[in-house]
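Engineer: Mind looking at a prediction? Sequence and model below.
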Amino acid sequence: MALHPLHTLVEQLKAQPIIFIGGKGGVGKTTTAAALASYYASQQQKTLIVSTDPAHSLGDVLNTQLNNAKTAISPYLDAIELNPDVIVDEHFAQVERTIKSYANPDMMPKIREHLRLSKSAPGAQEAAMLESMCQHLVEAADAGYENIIFDTAPTGHTLRLLVLPEMMGAWTDGLLAQQRRQAKLRSVATHLDSHNQKSSQTNDYQKNNVANPFAAKKSDRWEQAVSVLEKRKQLFRQAGLLLHDRTQTAIVLVMTADVLPLAETKRAIEQLEESKLTPAAIVINQLIAPTQSDEFWLRRAERQQHLMQDIEKNFSKYPLYPIYLQQTDVRGTEALSALLE
Ligand SMILES: Nc1ncnc2c1ncn2[C@@H]1O[C@H](COP(=O)(O)OP(=O)(O)OP(=O)(O)O)[C@@H](O)[C@H]1O
Ligand SMILES: [Mg+2]
């Protein structure tokens, strides 16, 4: 069988500090991500693990309650569990603050209602989660982490997140171009207006030789709004570059030796490759050792061996690593990192 021993996965990923773990629901993404993170930490490499799974399974696996802020699991391991509800609330609160700084105050109740409804619109959680993920991705290197591991949500969802930065970048570009045109028109209008005023009569501000506070504020507000959008665009661009940089980032797909995960992994790889995101490795989880005395387990093992032939044929381009089925769920950093030893 062309399977590589699991401990050599660490060897293969040595050069890449950023690792994304993807795969179908329930195949063992969180277990694999936490095992890698625990192993790096046991080697005294400062590691951050970020989960986007709302079911709190990373906290369960690490025997700790986690949240949106970093929790120190050990001196070398920090963990974050991004809670979509909290992130969406924070995201929309920030959007409201930005709008408030340049919108007509009379409009605010309507705008607030619109934002409240937008929170539950399709894609809102993804967009907010994406921004938060990108922030962690971009900040992790500066924060001194040697490894950052993302335990991502199931495949289709993850893929959309991975290609969103480019889409959002284009969207922000369009918006900025439109706003700039408007600003230009406004400045021409202001110029004409002051020209007219000069030729006809002087207004109160001019009479008293003070600047119009509203006009000044308006351009400030405009600058603020532009700077928020520019910052977001910059963040997505940076994150997109990191994601596509094969010397920085590795994508590891997890699957089990079953028919549906095989089909799903094939689709996931096609989609990833379309976005120029080639996976670095595939982990085959919950494998049953081929020598079994019990008839039931022997049959299960034979069935997996049969599927392994298909898996090897389909994924011959990628290194395959096995994780064997354990007697119990793997919990705690010691047991997790032991999987990789
Ligand atoms: N090799 C293994 N041996 C025994 N149990 C395992 C193994 N891998 C995973 N499990 C168990 O299977 C369940 C699902 O694993 P895990 O939570 O890692 O999957 P996941 O892909 O992250 O799931 P989700 O898509 O829901 O996030 C967990 O209870 C986990 O403890
Ligand atoms: Mg999980």
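Structural biologist: Cool, the structure landed. As the structure is a computational prediction, the values presented were derived from the model and not from experiment. Numbering: from 1, shown residues only. Ligands and ions are numbered 1, 2, ... in the order given.

Engineer: C-alpha only now, for contacts and for neighbours.
Structural biologist: Noted.

Engineer: where does the stretch 201-341 of the chain dip in pLDDT?
Structural biologist: Within the stretch 201-341 of the chain, the stretches with pLDDT under 70 are 201-226.

Engineer: Show me which residues of it sit near ligand 1.
Structural biologist: Counting by Cα under 6 Å from any ligand atom, the residues of the stretch 201-341 of the chain close to ligand 1 are N285, Q286, I323, Y324, L325, Q326, T328, D329, V330.

Engineer: Is it correct that the fifth one is in contact with L287?
Structural biologist: Yes. Because the distance of 5.3 Å satisfies Cα atoms under 8 Å, L325 is recorded as touching L287.

Engineer: I'd like the residues of the stretch 201-341 of the chain next to ligand 1 laid out as JSON lines, including neighbour count.
Structural biologist: JSON lines is the format used below for these (neighbours: other Cα atoms under 10 Å):
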{"residue": "N285", "neighbour count": "20"}
{"residue": "Q286", "neighbour count": "17"}
{"residue": "I323", "neighbour count": "19"}
{"residue": "Y324", "neighbour count": "14"}
{"residue": "L325", "neighbour count": "13"}
{"residue": "Q326", "neighbour count": "11"}
{"residue": "T328", "neighbour count": "6"}
{"residue": "D329", "neighbour count": "11"}
{"residue": "V330", "neighbour count": "20"}
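
Engineer: can you redo the residues you listed as JSON lines with distance to L36 and secondary structure?
Structural biologist: Below are those laid out as JSON lines (distance: Cα to Cα, whole Å; DSSP: H, G, I helix; E, B strand; the rest coil):
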{"residue": "N285", "distance to L36": "14", "secondary structure": "strand"}
{"residue": "Q286", "distance to L36": "16", "secondary structure": "strand"}
{"residue": "I323", "distance to L36": "12", "secondary structure": "strand"}
{"residue": "Y324", "distance to L36": "15", "secondary structure": "strand"}
{"residue": "L325", "distance to L36": "17", "secondary structure": "coil"}
{"residue": "Q326", "distance to L36": "17", "secondary structure": "coil"}
{"residue": "T328", "distance to L36": "18", "secondary structure": "coil"}
{"residue": "D329", "distance to L36": "16", "secondary structure": "coil"}
{"residue": "V330", "distance to L36": "13", "secondary structure": "coil"}
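
Engineer: Tell me the one of those residues nearest L9?
Structural biologist: Among these, I323 lies closest to L9 (Cα to Cα), at 11.1 Å.

Engineer: Which residues lie in contact with the closest residue to the closest one other than its chain neighbours in this structure?
Structural biologist: Of all residues not flanking I323 in the chain, N285 sits nearest, at 4.6 Å (Cα to Cα, 6 or more residues apart in numbering). For N285, the contact set (Cα atoms under 8 Å, 6 or more residues apart in numbering) comprises V27, G28, V254, M255, T256, A257, P322, I323, Y324, L325.

Engineer: can we see that at 6 Å?
Structural biologist: T256, P322, I323 (Cα atoms under 6 Å, 6 or more residues apart in numbering).

Engineer: ditto for R299
Structural biologist: Contacts of R299 by Cα under 6 Å, 6+ apart: none found.

Engineer: one more time with 10 Å, if that's ok
Structural biologist: R299 makes contact with P290, Q292, Q305 under the criterion Cα atoms under 10 Å, 6 or more residues apart in numbering.

Engineer: quick check, nearest of these to E131?
Structural biologist: Q305 (41.4 Å).

Engineer: Quick check: that closest one vs I269, distance?
Structural biologist: Separation of Q305 from I269 (Cα to Cα, to the nearest Å) stands at 22 Å.
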